[in-house]
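Participant: model this:
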Amino acid sequence: MEYNLHPLGDNAVLIELGNEISQEAHEKVQALTAVLETQPPDWMTEYIPAYTTVSIFYDPLLIYQLSSDKLSYDYVCSLIKPLMEGLEASKAADARVVEIPVCYGGEFGPDLEYVAKHNGMTPEEVINIHSSGDYLVYMIGFAPGFPFIGGMSEKIAAPRRESPRLKIPERTVGIAGMQTGIYPIETPGGWQLIGRTPVKLFRPHDDSPTLLKAGDKIKFKPISLKEFENWKETE
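Facilitator: Numbers count the residues shown, from 1 in each chain. Purely as a prediction, here's the structure:
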């Protein structure tokens with residue numbers, strides 16, 4: 001597996017597994033994170049996967065004690081190389097599929113009309129295209145449990161808002177460029193808002209505090225306002 005190593009501050013190494021967002025780079029990221037999750041090195045304190053990279057943070061004091069006067073970065077690189085040997089890209093065929101119901105438009109999706117007008121179509125066409133996409137969660141970031149989801153059709157792409165909103169309600173579905181995502185908590189944001197899901201993404205009291213994880217496939221399912229309200233009542 002091809003990769004490049006770069007220093008990241010004074011206690012981390014950035015492992016670059018591709019130079020553009022792609023399925024191939026994602027599968028490499030997934031393969032490496034699987035190893036780090038199941039066989040975490042003693043010297044590692046944290047790892048952060050992204051679109052095409054994985055950042056590995058380490059304990060500088062421990063590395064200093066182990067490195068025998070070698071530079072910490074060089075020594076950590078020497079420890080990373082055996083991890084990368086024989087690593088094979090994870091295949092997305094085994095990915096978990098998560099269905100996300102969405103109530104589109106109205107008070108839940110105040111920017112649906114804008115997205116439709118921006119792309120020369122009706123709101124119903126935007127909904128049909130958005131809910132029929134083949135989506136993949138590339139990474140979790142920005143806010144606890146926020147999924148950056150790729151695979152959206154360029155037909156409904158839309159720019160971020162010029163002025164971000166100060167408060168976006170939790171579980172709101174948005175579009176920014178050719179990405180779609182879901183706000184797991186109330187937070188400021190500049191994405192175009194097209195709907196809301198009754199499903200909680202951030203679950204801090206559960207063993208797994210976030211519903212979604214990198215590598216998941218997403219299926220959006222349109223639901224009515226009544227279905228949304230009934231779903232909330234049965235939570």
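Participant: Can you tell me what sits against the helix or strand encompassing residue 14?
Facilitator: Secondary-structure assignment from DSSP states H and E places residue 14 in strand 12-16. For strand 12-16, contacts defined as Cβ atoms under 8 Å, 6 or more residues apart in numbering pick out 3-8, 32, 52-58, 73, 76-77, 80, 84. (Each C-beta comes from the backbone N, C-alpha and C, glycine too.)
Participant: Next: stretch 25-39.
Facilitator: Residues outside stretch 25-39 that contact it (Cβ under 8 Å, 6+ apart): 1, 3, 15, 17-18, 44, 47, 49-54, 56, 83-84, 87-92, 136, 138, 214-215.
Participant: Then stretch 75-87?
Facilitator: By Cβ under 8 Å, 6+ apart, the list of residues contacting stretch 75-87 reads 1, 3, 5, 13, 15, 28, 31-32, 35-36, 41, 43, 56, 58, 63, 66-67, 70.
Participant: Now find how far off-centre that stretch is within its chain.
Facilitator: 25 Å (Cα atoms, centre = their mean, to the nearest Å).
Participant: Report the mean per-residue pLDDT for it.
Facilitator: Average pLDDT, stretch 75-87: 89.
Participant: Just the buried residues of that stretch, please?
Facilitator: Going by neighbour count (16 or more other Cβ atoms under 10 Å), the buried part of stretch 75-87 is 75, 76, 77, 79, 80, 83, 84.
Participant: Assign the fifth one to one of the three secondary structure states.
Facilitator: Think residue 80. Under DSSP: H, G, I helix; E, B strand; the rest coil, the three-state class of residue 80 is helix.
Participant: same thing with the third one?
Facilitator: Per three-state DSSP, the local secondary structure of residue 77 is helix.
Participant: list the buried ones in stretch 158-174?
Facilitator: Using 16+ other Cβ under 10 Å as the test for burial, stretch 158-174 gives 158, 161, 165, 168, 170, 171, 172, 173, 174.
Participant: Please apply the same query to stretch 202-217.
Facilitator: 202, 210, 211, 212, 213, 214, 215, 216, 217.
Participant: I'd like these written out as a markdown table, with pLDDT and secondary structure added.
Facilitator: Listed next are the buried residues of stretch 202-217 as a markdown table, based on pLDDT from 0 to 100; DSSP: H, G, I helix; E, B strand; the rest coil:
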| residue | pLDDT | secondary structure |
| --- | --- | --- |
| 202 | 92 | strand |
| 210 | 90 | strand |
| 211 | 91 | coil |
| 212 | 92 | coil |
| 213 | 89 | coil |
| 214 | 86 | coil |
| 215 | 87 | coil |
| 216 | 91 | coil |
| 217 | 92 | strand |
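Participant: now, among these, which is nearest to residue 130?
Facilitator: Of all the buried residues of stretch 202-217, residue 217 has the smallest distance to residue 130: 15.2 Å, by Cβ to Cβ.
Participant: ok, what's across the strand from that closest one?
Facilitator: Beta-bridge partners recorded for residue 217 (DSSP bridges): residue 97, residue 136.
Participant: Just the buried ones from the contacts of stretch 75-87?
Facilitator: Burial by neighbour count, judged by 16+ other Cβ under 10 Å, picks out 3, 5, 13, 15, 28, 31-32, 36, 41, 43, 56, 58, 63, 67 from the contacts of stretch 75-87.
Participant: Would you tell me what the next helix or strand after the lengthiest helix in the chain is?
Facilitator: Using DSSP state H, we find that the single longest helix of the chain is helix 23-38. Elements were assigned by DSSP H and E; along the chain past helix 23-38, the next helix or strand is strand 44-49.
Participant: Counting neighbours, which bits of that next one end up buried?
Facilitator: Using 16+ other Cβ under 10 Å as the burial criterion, the residues of strand 44-49 that qualify are 44, 47, 48, 49.
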